[in-house]
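> Next comes the sequence, and after it the predicted model I'd like to discuss.
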Amino acid sequence: EEPLVESGGGLVQAGGSLRLSCAASKFTFDDYAIGWFRQAPGKEREGVACINASDGSTYYADSVKGRFTISSDSAKNTAYLQMNSLKPEDTAVYYCAADFSFSCSPLRYDYWGQGTQVTVSS
């Protein structure tokens, strides 16, 4: 069983919205930093948005500021990525990940989900 399971990806037209969910089955979100990352074909995995669940501090990549919002619900042990005003360049496989320390570098995260595809058509 994967420690994290993403859902909510799909195909959407430019300007549309999607909400990704990340459910944890083996640990409590309150103790971790949660990050959303994405990887497009031929590109490196990049940090999109990250949240320190213990104090709510967040980080957003410049490319998504003002369009994406990361949140977490400790009661449901689930994190979310609300994506609005989507652009074709947002097309990628999106992953959620968890780690004890807060950062938005994929190299720092130990626990990963399997990923969910987001495709934005022009």
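Okay, I see it.
> Pull the residues that contact stretch 107-114.
When contacts are defined by CB atoms under 8 Å, 6 or more residues apart in numbering, stretch 107-114 is touched by residues 2-6, 22, 27, 32, 35, 37, 95-101. To be clear about C-beta, it is placed using only N, CA and C from the backbone, and glycine gets the same treatment.
> Same question for stretch 47-55.
Here stretch 47-55 makes contact (CB under 8 Å, 6+ apart) with 29-38, 57-61, 64, 68-72, 74, 79, 81, 94, 102-106.
> And the next helix or strand past the least confident helix or strand in the chain by mean pLDDT?
Every helix and strand in the chain was compared by mean pLDDT, DSSP states H and E; the lowest is strand 111-112, with a mean of 92. Downstream of strand 111-112, the next assigned helix or strand under DSSP states H and E is strand 116-121.
> in that following strand, what's buried?
Using 16 or more other CB atoms under 10 Å as the burial criterion, the residues of strand 116-121 that qualify are 116, 118, 120.
> Repeat that for stretch 65-76.
Per 16+ other CB under 10 Å, stretch 65-76 contains these buried residues: 68-72.
> Just the buried ones from the contacts of stretch 47-55?
Of the members of the contacts of stretch 47-55, the ones counted as buried by neighbours, 16+ other CB under 10 Å, are 29, 32-38, 59-61, 64, 68-72, 79, 81, 94, 102, 104, 106.
> still on that earlier bit, let me know the closest of the buried residues of strand 116-121 to Lys87.
Sorting the buried residues of strand 116-121 by how near they are to Lys87, with CB to CB, puts Val120 at the top with 6.1 Å.
> quick one: least confident of the buried residues of stretch 65-76?
The member of those with the lowest model confidence is Ser72, at 91 (criterion: pLDDT).
> ok, now how distant is that residue from Cys50?
Separation of Ser72 from Cys50 (CB to CB, to the nearest Å) stands at 11 Å.
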